[in-house]
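Visitor: Just need the structure, nothing else, for what follows:
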Amino acid sequence: MKVRRFEWEGAAPTAASIRGWTEQAAPDVDVSPIEREIREGGDEALRRLTARFDATERSPDSLSLGVESAATAEAALAGLDTDLREALEVAAANVRAVAEAQLDPAQRVARLGDGQSVAVREAPVGAAGIYAPGGRAAYPSSVLMGAIPARVAGVERVALATPPGPDGEVSPLVLAAAALAGVDEIYAIGGAQAIFALAYGTESIDRVDVIAGPGNVWVREAKRMVAGVVGIDSLAGPSELMLVAGHDTDPEWAALDLCSQAEHGPESPLVAVAVEERMLESIATATEKAAAERPGVEDAPLALVQAPDLSDAIDLANAFAPEHLQLMEEDAALLADKVTTAGCVFAGRYGATAFGDYVAGSNHVLPTGGAGRFSGPLGPSTFRRKIATVEVSAEAAAKLAPHVDTIARAEGFPVHGESAMIRTEK
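Guide: The predicted model follows:
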């Protein structure tokens, strides 16, 4: 594990130093050639790109780009090991319950007197594209986290794109999760090409209105390029965890929490913060030991920071805006109320980030790279849009029109004023 100690320079400067260090490993990618191929080549380009970039060992001619039937997904669900199915059902139920709790009232009306009102209501988008990573591994949890909030939001058509495995097929685990989540269409495509196919459509894939779900840097950059063509949830990048330790934190627990997020890859930044030097050193030692004993986590960057006090630790968290923030301190609930930028806060010694990754019900599609300053977890609102309805009576028009005319003429749009004033003449 790559460990580096950062001296306290103040919350914002220290956070900036850590970000700069952890982002050095992020590769620069250009997905515009892939976008061009998909827009010009459609399904044939998808076959070619899937054979080139995904884990499949099947030839492009035999790669299915069609829709997996609901029966296939249901069969995969029925074939799951009993314990695994129960775990997925618990996760699905909790994700659905949390999503339903987030729904806003169907309509909000401001009645402004004299027959004037403005109503703002919400409506779901027509189609959502959910991306779930895959290929040599399967991530049914990402299917649940993306598709269930879309269904709760009321989206009529939910399409899933996920990379095929070496045999060219979608993982049965992913299919089972798709059945639990109520996915309508499943496409065996991954990477940037999947994002462009969902955004622009091809011969066999109808375009969607919103694309959501986690992915690698290629997926993230493709989502950045299509933002505006479709809606996106966020530009989620490598997983990250900041852990604030208290005087009674168990170093071994903290080490496993940090290593669990390191499983996502060497680009996942980890930050351990403590007020006590003794605790910080204990966590560093335990984490290096745990990483050395567990393949796949040894290359992650771990930043160590000793904060002057817990208030400064929270200031550091707010400046860093971590995707996951664990507060392993006895007053964690009180400290959590002071956090303003983290994607998800886990309060208390038992609240490991792993619970949120799978079954707690909180969504694991969260803002990374400091994006918690302006965005939050994926939820039903990602798939809903607001619509305003304005009603103006004759009395309200007579009262408001002169003001419209005054402002419009000041802005150089006199016909706007005429449009309002003509309604006062009868």
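Visitor: to the chain's geometric centre, what's the distance from stretch 249-258?
Guide: Taking CA atoms, centre = their mean, to the nearest Å, the mean C-alpha location of stretch 249-258 is offset from the chain mean by 25 Å.
Visitor: ugh, typo on my part, it should be stretch 371-380
Guide: 7 Å.
Visitor: Contacts for that stretch next, please.
Guide: Contact with stretch 371-380 is made by 98-100, 102-103, 145-146, 149-150, 152-153, 212-213, 233-236, 321-323, 341-344, 362-363, 365-367, as judged by CB atoms under 8 Å, 6 or more residues apart in numbering. C-beta: built from backbone N, CA, C; applies to glycine.
Visitor: Kindly check the end-to-end length of that stretch for me.
Guide: Its start and end residues considered, stretch 371-380 measures 19 Å (CA to CA, to the nearest Å).
Visitor: And stretch 72-83, by the same measure?
Guide: End-to-end distance for stretch 72-83: 21 Å, by CA to CA.
Visitor: Stretch 100-109 too?
Guide: 22 Å.
Visitor: Could you give the separation of that stretch from the chain centroid?
Guide: Per CA atoms, centre = their mean, the centroid offset for stretch 100-109 relative to its chain is 21 Å.
Visitor: Likewise for stretch 266-279?
Guide: Relative to the mean C-alpha coordinate of its chain, stretch 266-279 is positioned 24 Å out (CA atoms, centre = their mean).
Visitor: Please, where are all the helices along the stretch 301-426 of the chain?
Guide: Ranges of helices in the stretch 301-426 of the chain, per DSSP state H, counting those that start in this stretch, are 310-320, 332-336, 353-358, 394-410, 414-421.
Visitor: looking at the ones you listed, which is closest to Pro266?
Guide: helix 353-358 (18.0 Å; CB to CB).
Visitor: So for that closest one, what gets flagged as buried?
Guide: 353-354, 356-358 (16 or more other CB atoms under 10 Å).
Visitor: Check stretch 128-136 too.
Guide: Buried positions in stretch 128-136, judged by neighbour count with 16+ other CB under 10 Å: 128-135.
Visitor: Just send those back as CSV, with distance to Arg384 and pLDDT too.
Guide: Shown next, in CSV, are the buried residues of stretch 128-136 (distance: CB to CB, whole Å; pLDDT from 0 to 100):
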residue, distance to Arg384, pLDDT
Ala128, 10, 98
Gly129, 16, 97
Ile130, 15, 97
Tyr131, 19, 96
Ala132, 21, 95
Pro133, 25, 92
Gly134, 27, 87
Gly135, 31, 76
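Visitor: Sort out which one of these lies nearest Asp315 for me.
Guide: The nearest member of the buried residues of stretch 128-136 to Asp315, counting by CB to CB, is Pro133 at 33.6 Å.
Visitor: my read: that closest one touches Val174, true?
Guide: No. The pair Pro133 / Val174 is not scored as a contact, 9.8 Å apart, by CB atoms under 8 Å.
Visitor: quick one: common contacting residues for the two?
Guide: Joint contacts of Pro133 and Val174 (CB under 8 Å, 6+ apart) are 139, 162.
Visitor: domains of this protein?
Guide: 2-26+238-360, 32-232, 392-424 (automatic domain parsing).
Visitor: Least confident of those domains, on average?
Guide: Note on those: lowest mean pLDDT is at domain 32-232, with a mean of 89.
Visitor: and that domain, how far apart are its ends?
Guide: 18 Å.
Visitor: Kindly report the same for stretch 185-199.
Guide: 15 Å.
Visitor: ok, back up a step: any idea which of the helices of the stretch 301-426 of the chain is most buried?
Guide: Comparing those by mean neighbour count (mean count of other CB atoms under 10 Å), helix 310-320 ranks first with a mean of 21.
Visitor: elements contacting that helix?
Guide: Counting contacts by 3 or more CB pairs under 8 Å, 6 or more residues apart in numbering; DSSP states H and E, helix 310-320 is packed against helix 11-22, strand 241-245, strand 270-274.
Visitor: Out of these, which gets nearest to Ala398?
Guide: Closest among the helices and strands packed on helix 310-320, using CB to CB: helix 11-22, at 53.2 Å.
Visitor: shouldn't Asp309 be in contact with Ala274?
Guide: No. In this structure, Asp309 is not within contact of Ala274 by CB under 8 Å, at 10.9 Å.
Visitor: Of the two, which one has the most company?
Guide: A count of neighbours by other CB atoms under 10 Å puts Ala274 above the other of Asp309 and Ala274, at 27 against 9.
Visitor: Would you mind listing the residues in contact with that one?
Guide: By CB under 8 Å, 6+ apart, the neighbours of Ala274 are 244-246, 249, 280, 283, 305-307, 313.
Visitor: ok, now Leu88?
Guide: Residues near Leu88 by CB under 8 Å, 6+ apart: 80, 140, 144, 176-177, 180.
Visitor: I'd assumed it was in a helix, is it?
Guide: Yes. Using DSSP: H, G, I helix; E, B strand; the rest coil, the secondary structure at Leu88 is a helix.
Visitor: Can you give me the end-to-end span of stretch 323-338?
Guide: End-to-end distance for stretch 323-338, by CA to CA: 16 Å.
Visitor: ugh, typo on my part, it should be stretch 102-122
Guide: For stretch 102-122, the end-to-end distance is 13 Å (CA to CA).
Visitor: before we move on, back to that, got the helices of the stretch 301-426 of the chain as TSV, with distance to Asp167 columns?
Guide: Converted to TSV, those look like this (distance: least, CB to CB, whole Å):
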stretch	distance to Asp167
helix 310-320	42
helix 332-336	45
helix 353-358	26
helix 394-410	65
helix 414-421	62
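Visitor: so which of those helices comes closest to Trp253?
Guide: Among the helices of the stretch 301-426 of the chain, helix 353-358 comes nearest to Trp253, with 11.2 Å by CB to CB.
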